[in-house]
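*Asks:* This is a predicted model, with the sequence first.
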Amino acid sequence: MIEAAAIILAGGKSSRMGENKALVRVTEYKMLEGIIQVLRPEFAEIILSANDDCYAAFGLKTVQDSYKNRGPLSGIHAGLKASGFFTNFFAACDMPFTDVRLARYMAEIVPGFDAVVPKIGEYYQPLFAVYTRNCLQAIEKQLKAGRNKITSFFGDVRIRFISIDEITKFGEPEKLFFNVNTPVDLHQAKVMAGREGNGPEV
């Protein structure tokens, strides 16, 4: 077990899904439940960043945003403040194929940096990333200035970007970072998980 926390971001409104996406099923488990089960054996603490109380049954330490209605950056800020660990892996609750081996690898290579973030071409995966508590001041600076973009603080911290060559050792990026925002995404995730045929949803 690594001396780090895993923080799951579940503060979104799921407006495109039409229901709470953290609680839909891709496998036999609800998405949030599946991510918890994957991460729990490897991380010393699991924290849920959420702004409502519908997750009490999961029995996790749950923290709410200090900066309300500001999106995932505020969730990262809240998670870092609540964590008892310097190193923290963050995952969005809508990523059903979260790979704990990749998460652990990222946490292990953070020494000497403030964050570890996957980058494929010009695209970042800031919601499957490791942020240390050194990022708190930079994040708070952006939130106080009214800036909500997740990557807005990147220029103020030392980031180790991991490349596609590193990522593909753990699987296909299209699956590792697949996120479920809509009913169409949910159907595709079920197909990828082998739980549904390839025909269109009716």
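*Replies:* Arrived safely, thanks for sending.

*Asks:* got a list of what residue 166 touches?
*Replies:* In this structure, residue 166 makes contact with residue 105, judged by Cβ atoms under 8 Å, 6 or more residues apart in numbering. Any C-beta I mention is one placed from the backbone N, CA and C, and that applies to glycine too.

*Asks:* could you redo the last one with a cut-off of 7 Å?
*Replies:* Going by Cβ atoms under 7 Å, 6 or more residues apart in numbering, residue 166 touches no other residue.

*Asks:* Next one, pLDDT for it please.
*Replies:* The predicted structure scores residue 166 at 95 on the pLDDT scale.

*Asks:* all strands of the protein, in order?
*Replies:* With strands called from DSSP state E, the chain shows them at 2-9, 43-49, 61-63, 87-92, 115-120, 123-124, 128-132, 159-162.

*Asks:* Name the strands paired with the fifth one and say parallel or antiparallel.
*Replies:* So the one you mean is strand 115-120. Strand 115-120 has its sheet partners listed here by DSSP bridges as strand 123-124 (antiparallel), strand 128-132 (antiparallel), strand 159-162 (parallel).

*Asks:* Mind checking those for the one nearest to residue 4?
*Replies:* Distance to residue 4, taken as Cβ to Cβ, is lowest for strand 128-132 among these, at 7.8 Å.

*Asks:* Which residues does the closest one contact?
*Replies:* Judged by Cβ under 7 Å, 6+ apart, the contacts made with strand 128-132 from elsewhere in the structure are 76, 80, 86-91, 95, 106-107, 110, 114-118, 177.

*Asks:* mean pLDDT for the strands of the chain: which is lowest?
*Replies:* Comparing these by mean pLDDT, the weakest confidence falls on strand 61-63, with a mean of 90.

*Asks:* so how far is it from its chain's centroid?
*Replies:* On the basis of Cα atoms, centre = their mean, to the nearest Å, strand 61-63 sits 15 Å off its chain's mean C-alpha point.

*Asks:* One more: stretch 26-44?
*Replies:* The gap between the average C-alpha position of stretch 26-44 and the chain average comes to 12 Å, counting by Cα atoms, centre = their mean.

*Asks:* what's the span of it from first residue to last?
*Replies:* As for stretch 26-44, its first-to-last residue distance stands at 26 Å under the measure Cα to Cα, to the nearest Å.

*Asks:* Check the gap between residue 57 and residue 28 for me.
*Replies:* Counting by Cβ to Cβ, to the nearest Å, the gap between residue 57 and residue 28 amounts to 17 Å.

*Asks:* do the same with residue 102
*Replies:* In this structure, residue 102 lies at 23 Å from residue 28, with Cβ to Cβ as the measure.

*Asks:* Compare those two (neighbour count), which wins?
*Replies:* Neighbours per residue, other Cβ atoms under 10 Å: of residue 102 and residue 28, the larger number sits with residue 102, 21 against 9.

*Asks:* Return the per-residue confidence for the more buried one.
*Replies:* 96.
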